[in-house]
Structures are given as structure tokens and as C-alpha cells.
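Enquirer: generate a structure from the sequence data that follows.
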Amino acid sequence: MRTILYILQKEFIQISRDKLMMGVLFIMPFTQLIILGYAASFEVKNLNIHIIDMDKSSFSRDLVSKFSASPYFKVKNISNSFKTAREDMRKGKVDVLMEIPVNFEKNLVNGEKINIYLSLDAVNGIKAGLGNAYANMIINDFNTGIITKNTGKEISLPIGITWSNWYNKLMVYSTFMVPGILVLLVTMIAIFLTAINIVREKEIGTIEQLNVTPIKKSHFIIGKLFPFLLIAFFELSLGLIIAKLVFNLHYEGSLILVYSFTLVYLFAVLGIGLFISTITETQQQAMFIAYFIFVIFILMSGLFTPIESMPGWAQKLTWFNPIKYFIEFMRMVLLKGSTFPDVKNHFIIIAIYGMIINILAIWNYRKISV
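Expert: Now for the predicted structure:
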């Protein structure tokens, strides 16, 4: 035990003397949390739209005013030239073109069918899809108002729909994103710093001094991993406080359950970092491999792209992604108030994952002497 304490003391002294690492540990994560908490959103607003008004009637102006009043659109130009509008889209000045046809008001008053042409810049498919949905919603609302005004009575739909949002009533995206971003920050600290830890000893030559000491392999590995375990817990705690104070996130579930799962999760991801450090010779190699793995984990975690929307083969690959399980766990416990029976499978999967990766890392580790 005393040997491990000496190794821990050495590690903390080494970390405190590295100004760059201190910045990575205590400044970068929370700056990212605050920025991404506000900026990372699936909601699309301020889409630039060019409206081609071929009718120039009071009804067409009413429709234009509805788009102007919407937070989802910003009317950049109103013209009667499709060529001009198309050129604006080609140059990237607008995202949506809408053409109001000739005789728009006349046909509406007469109850005749009208086609409004929408053209969307689909380079960003998500933006185009949401823009189309928003535009249709505004046009349908306008159409309903016209019909109501002409008939002098409210339209009675045959089926009434009553709906509500559970767990995020106001559909605030920070509520959905912040738990996932917390997972990314904790994972980044655990994988990246652990990955370069042993490699750093090789590069600066201190591994040679450790090789001639009677330190056991288990003591050396515990001493290397434990400081980052404590730091990751500190990062999580501070992140939860920021999420509460800055984003007004209400925690429905048990924080004790959150910390218990985090302990199991860190056992797994620290093992990934340790494994990377045993197969690389330089910090540059370690960082490259860690970054490669981390990016794949993020993109296939369900944070930005729903896993259900992925191809079948990609969904099967997510079974081996620990970040996926932690994000699911955090949202279930913090937002839904799930209890241990609801998330016990997450515990089991991550515990098995951690055992396998740590066995591989320890088996692969060798005390080398130069």
C-alpha cells in the first residue's frame, strides 16, 4: 500500500508541474461544456429564405409576413425572378426558395388547388429536412386561417389530438445534450491522459528508473490509473454543478447511482487508455490512436445521430461502444429518474467490457528495460 501511495504522490506532482496538462484538465472541459451546452442543438433557426412573389397580392404579403415573423426563417430577399433566387442559393446566400404563383389570391378565394414551390439547399440534409417541415407548418397554418376567414367559422377536425412532452416539457435542447456532453468530457480525460501516461515515461526516460525498482506490475498500473480516476470524478462533479447552475438541469434520479456507474465506466475507459499506452512508443502515436477511437465512439454514441437511424451493421457496432451505454444511462437516470433495476444491464455490460479490456492491457504491458 505504501508503494502505491508513493507512486500516486509522484503522479500528482508530475501532473501539477505540467501547465499544459493542468489547462487540459481544468479549463478546457468546462469551457467546452458551457459552449457546447448552448451551441450543440438539433434545432434549426434563422434559415435564409428567398421568396419569389409572382402574385403581389394581399394574401401573398400575408404569407410573406408569416415567414418573416417565424424564428425559423429570415427573409433575405423578395423578388419576382426565379433566376435571381437560384443564383442566391448557388452562392450560398439562402437556404430555401419559395415561389408564390400567379393568381395565388384569386385561386384561394375560389377554393381552387394551389401549388407553392419550395426548393431547399440539401447539402446539409438535416437542415433541409427541418426547413421543409417548418415551411410546411407555416403554410398549413396560413391555409387554415384563410379557410376559417372565408367560411366564417372554425374548422372542426374529425379527430382531436392531445399531446404532451415527457421528461423535457419545453423541448430545451440543452436538457437533452448536457448529460451527453458530460459523458464526452469525462471520457476524454480518462482515455487521452491515460493513453499518453506510460508513453510519456518512455519518452522522458523515467521508465528506466522505474524498471530497476522492486515495484510490482499491479502497483505500477494502479498508481498510473488512480490519479485520473480521481480527476475524472472531480470533473464529473463540477460538470454536474455547472449543468445545474448554468443550464438549470433538474436531476430526477439518484446521484449515488450516477457515481456508482461512473466508477464502473471509468474502470473500462481507463483500461482503453492503458491498452493504447502499451502498444505505442511516442505520445504522438498514443494521441493519434486515442483520437481515432474517440471520434468513432462519439459519432456512433447516439449523441448527435440517433442509433435507430443507422444501418443495421452500424447499430451492431454500437454494442461495443462504451460511450453509448453511459449516455443512455445518464439520460435515463438524470432526466427520467430511472432506478438500478432499469439500468442494471448497463452495469453488467460495462463491467464485462472493463474486465476484458483491462485484462488485455495488463497482459500486454511489459516492464521494459533499455
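
Enquirer: what's the neighbour count on residue 96?
Expert: 26 (other Cβ atoms under 10 Å). Just so you know, the C-beta spots here come from the backbone N, C-alpha and C atoms, and that holds for glycine as well.

Enquirer: for it, give its distance to residue 45.
Expert: 13 Å (Cβ to Cβ, to the nearest Å).

Enquirer: do residue 262 as well
Expert: With Cβ to Cβ as the criterion, residue 262 and residue 45 are 34 Å apart.

Enquirer: quick one: which of these two has more around it?
Expert: In terms of neighbours (other Cβ under 10 Å), residue 262 is the more surrounded of residue 262 and residue 45; the figures are 21 against 12.

Enquirer: so that one is in contact with residue 236, correct?
Expert: Yes - assessed by Cβ atoms under 8 Å, residue 262 is found in contact with residue 236 at 5.9 Å.

Enquirer: quickly list what's touching both of those two.
Expert: In terms of Cβ atoms under 8 Å, 6 or more residues apart in numbering, residue 262 and residue 236 are both contacted by the residues residue 186.

Enquirer: okay, the residue in the chain sticking out farthest from the centre: pLDDT?
Expert: If you look at how far each residue of the chain sits from its centre, by Cα atoms, centre = their mean, the farthest one is residue 110, at 49.4 Å. Model confidence at residue 110, expressed as pLDDT, equals 80.

Enquirer: and it, how far is that from residue 145?
Expert: 17 Å.

Enquirer: after the longest helix anywhere in the chain, which helix or strand is next?
Expert: In the chain, ranked by residue count with DSSP state H as the criterion, the top helix is helix 217-246. Downstream of helix 217-246, the next assigned helix or strand under DSSP states H and E is helix 255-278.

Enquirer: roughly how far is that next one from the heart of the chain?
Expert: 20 Å (Cα atoms, centre = their mean, to the nearest Å).

Enquirer: contacts for the helix or strand following it, please.
Expert: Next in sequence after helix 255-278, counting helices and strands by DSSP H and E, comes helix 283-299. Contact with helix 283-299 is made by 184, 187-188, 191-192, 195-196, 199-200, 203, 272-273, 276-277, 279-280, 304-305, 321-324, as judged by Cβ under 8 Å, 6+ apart.

Enquirer: residue 134 against residue 70, yeah?
Expert: Yes - counting by Cβ under 8 Å, residue 134 touches residue 70, with 7.1 Å between them.

Enquirer: relative to residue 63, how far out is the residue farthest from the centre of the chain?
Expert: From residue 110 to residue 63 the distance is 17 Å (Cβ to Cβ).

Enquirer: for residue 185, same thing?
Expert: 45 Å.

Enquirer: tell me how many other residues surround residue 341.
Expert: For residue 341, the neighbour count with other Cβ under 10 Å is 7.

Enquirer: go on, residue 100?
Expert: Counted with other Cβ under 10 Å, residue 100 comes out at 23.

Enquirer: just the one 4 residues further on next, same as before
Expert: Under the neighbour criterion other Cβ under 10 Å, residue 104 is assigned a count of 20.

Enquirer: quick check: it touching residue 61?
Expert: No - with contacts defined as Cβ under 8 Å, residue 104 does not count as touching residue 61, sitting 10.4 Å away.

Enquirer: all strands for the stretch 51-200 of the chain, in order.
Expert: 73-79, 96-100, 117-120 (DSSP state E, counting those that start in this stretch).

Enquirer: out of these, deepest packed?
Expert: Mean neighbour count (mean count of other Cβ atoms under 10 Å) peaks for strand 96-100 among these, with a mean of 22.

Enquirer: need the contact partners of it.
Expert: Residues contacting strand 96-100 (Cβ under 8 Å, 6+ apart): 47-55, 60, 63-64, 67, 73, 82, 85-86, 88-89, 116-121, 131, 135.

Enquirer: can you list the domain ranges for the chain.
Expert: Domain assignment for the chain, taken from automatic domain parsing, gives 2-40+168-364, 47-151.

Enquirer: which of those has the lowest mean pLDDT?
Expert: Among those, domain 2-40+168-364 scores lowest, at a mean of 81.

Enquirer: mind listing what's buried in stretch 169-189?
Expert: Buried positions in stretch 169-189, judged by neighbour count with 16 or more other Cβ atoms under 10 Å: 174-189.

Enquirer: and which of those is nearest residue 314?
Expert: Set against residue 314, the nearest of the buried residues of stretch 169-189 by Cβ to Cβ is residue 180 (18.3 Å).

Enquirer: can you tell me which residues contact the residue nearest to the closest one when sequence neighbours are not counted?
Expert: Leaving aside its sequence neighbours, residue 180 sits nearest to residue 303 (Cβ to Cβ, 6 or more residues apart in numbering; 4.3 Å). With contact set as Cβ under 8 Å, 6+ apart, residue 303 has these partners: 177, 180-181, 183-184, 323, 327.

Enquirer: out of those, name the ones that lie in helices.
Expert: Those of the contacts of residue 303 lying in helices (DSSP H): 177, 180-181, 183-184, 323, 327.

Enquirer: can you name the two of those residues that sit furthest apart?
Expert: Farthest pair in these, by Cβ to Cβ: 177 and 323, 14.1 Å.

Enquirer: sec struct for the most centrally placed residue in the chain, please.
Expert: The residue lying closest to the centre of the chain (Cα atoms, centre = their mean) is residue 303, at 4.0 Å. Each residue gets one of three states, and residue 303 gets coil by DSSP: H, G, I helix; E, B strand; the rest coil.

Enquirer: residues near residue 60, how many?
Expert: Residues near residue 60, counting by other Cβ under 10 Å: 19.
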